[in-house]
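Colleague: Predicted structure and sequence below. I'll ask about it afterward.
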Amino acid sequence: MALNDLASVARLSHDYATAERDYREALKIANKIGEREGVATGTANLAGLALDRGDWSGAEQLAGEALVVAEEVGRQELIGHNCRFLAQAMTRQGRRSEGLPYARRALAIYTRLRMPNDLADAQTTLKECEPPPDPK
């Protein structure tokens, strides 16, 4: 957990190389000790980092992997994060309609969990995924 926290500080400071190194080390440890929740968290953190870097396909792949593990362990907020990450990655690759169900799911989870900051982010993501208004 401490490595994830250190990596998050580096990420917020835009030191992406350090963040990636620390996230990957935390993920390696979680895998080695069989800590599935740590695997879900670490993989989700790498997906978020990939989004920060503009690596849309990498973010999509990582978020998809993290979503599977988050669902296995039942971590609702991680499920929400990964759904939002998937929606963002798909939308930025020009696949809004594919991202839309994930954006809706993230919004529903954040609403149920009463997570206001994440809820605002999910609302923004949902708007990005929705089809543009008909110009008629």
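Modeller: Yes, it's here.
Colleague: Now do the strands in the chain.
Modeller: Using DSSP state E, no strands are found in the chain.
Colleague: Give me the distance between Ala40 and Arg75.
Modeller: Distance, Ala40 to Arg75, using Cβ to Cβ, to the nearest Å: 6 Å. Every residue, glycine included, has its C-beta placed from N, CA and C.
Colleague: quick one, helices of this structure?
Modeller: With helices called from DSSP state H, the chain shows them at 2-12, 16-33, 36-53, 56-73, 76-92, 96-113, 116-129.
Colleague: How about the third one, which residues are buried there?
Modeller: Just to be clear, that refers to helix 36-53. Neighbour-count burial for helix 36-53 flags 38-51 (criterion: 16 or more other Cβ atoms under 10 Å).
Colleague: Turn those residues into TSV, columns for pLDDT and distance to Pro131.
Modeller: As requested, the buried residues of helix 36-53 are arranged in TSV below (pLDDT from 0 to 100; distance: Cβ to Cβ, whole Å):
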residue	pLDDT	distance to Pro131
Gly38	95	38
Val39	96	35
Ala40	96	31
Thr41	96	33
Gly42	95	34
Thr43	97	30
Ala44	97	28
Asn45	96	31
Leu46	97	30
Ala47	98	25
Gly48	97	26
Leu49	97	29
Ala50	98	26
Leu51	97	22
